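> Predicted structure and sequence below. I'll ask about it afterward.
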Amino acid sequence: MPNKPLSRATLGRLPEYISYLRLSVEGPMVSAATMARALGYGEVLVRRDLNAVCAAGRPKVGFPVEVLMADIEEALGVNDIAPVVVVGAGRLGRALQQHRGFRQYGFEIVAGFDINPHKWQPEWDHPVLPMEELSSFCRENEIRMGIITVPAAAAQQVCDSLVDCGITAIWNFAPCRLSVPEHVTLKQEDLALSLAHLSLQARLREKE
């Protein structure tokens, strides 16, 4: 893998590339043009991204799939699993805690937190702890990533608590916009907006 630092935009596209390679590529080689067409990106953009993480690409030949996957995984830190906490043990929070695929992208949910920790069930993989233990748990386990799945009214308070615990990356599923310090990365997941976008795309295709 090349040693020059990757841009945030390139890093943001790498999960899509690795997912495509894992699920859709069967042969030993893959080209940037093929990936670009499949993912809806420009060929020049994809080739630049891949060359930034993998030095094994060859003109008119492409990239060895296994080498490319290994280099992307290294760039994503897949071999150095980052622990993550979820705040909110409702249906969405529980579903995220039970999801098995996060380790493939370099992180793992290690605990959930809720104002009602008695929601925890023995068959769940990870404990649900009381909010009073959030700060000590995050500091003792060097947690830097948090997921918010609480109602909108409580989301900003939870967000502030995570920041106070040393969290520097937050994935927010609450239906509201949050305010974070400049050093904290915030990803807003708007499920309703995503569904509306999907519905619009379906209607447009029906009119073609």
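Right, received. Where do you want to start? Please read these numbers as outputs of a predicted model, since none were measured by experiment.
> just the strands in the chain please.
29-30, 63-64, 82-87, 107-114, 128-130, 145-148, 169-172, 185-188 (DSSP state E).
> Against which helices or strands is the first one packed?
By that I understand strand 29-30. Helices and strands touching strand 29-30, by 3 or more C-beta pairs under 8 Å, 6 or more residues apart in numbering; DSSP states H and E, are strand 63-64, helix 65-76. Where C-beta positions appear, they are placed from N, C-alpha and C, glycine not excepted.
> Kindly reformat those as JSON lines containing distance to D49 and mean pLDDT.
Below are the helices and strands packed on strand 29-30 laid out as JSON lines (distance: least, C-beta to C-beta, whole Å; pLDDT from 0 to 100):
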{"stretch": "strand 63-64", "distance to D49": "11", "mean pLDDT": "96"}
{"stretch": "helix 65-76", "distance to D49": "9", "mean pLDDT": "92"}
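> okay, the ones you listed, which one's buried deepest?
Across the helices and strands packed on strand 29-30, averaging neighbours per residue (mean count of other C-beta atoms under 10 Å) puts strand 63-64 on top, at a mean of 21.
> What are the structural domain limits within this protein?
Annotated domains of the chain cover 8-76, 82-193 [automatic domain parsing].
> sorry, back to before: can you put the helices and strands packed on strand 29-30 in CSV and add distance to V163?
CSV is the format used below for the helices and strands packed on strand 29-30 (distance: least, C-beta to C-beta, whole Å):
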stretch, distance to V163
strand 63-64, 39
helix 65-76, 24
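> Where does the prediction get shaky in this structure?
For the chain, the stretches with pLDDT under 70 are 1-4, 119-124, 208.
> Start from the N-terminal end of it and give the helices.
All helices of the chain, identified by DSSP state H, fall at 8-24, 32-39, 43-53, 65-76, 91-98, 134-140, 152-164, 191-207.
> Please name whichever of those is nearest to V180.
V180 sits nearest to helix 152-164 of all these, at 6.4 Å, using C-beta to C-beta.
> Can you give me the buried ones in the closest one?
The neighbour-count check on helix 152-164 (16 or more other C-beta atoms under 10 Å) flags 155-156, 158-159, 161-163 as buried.
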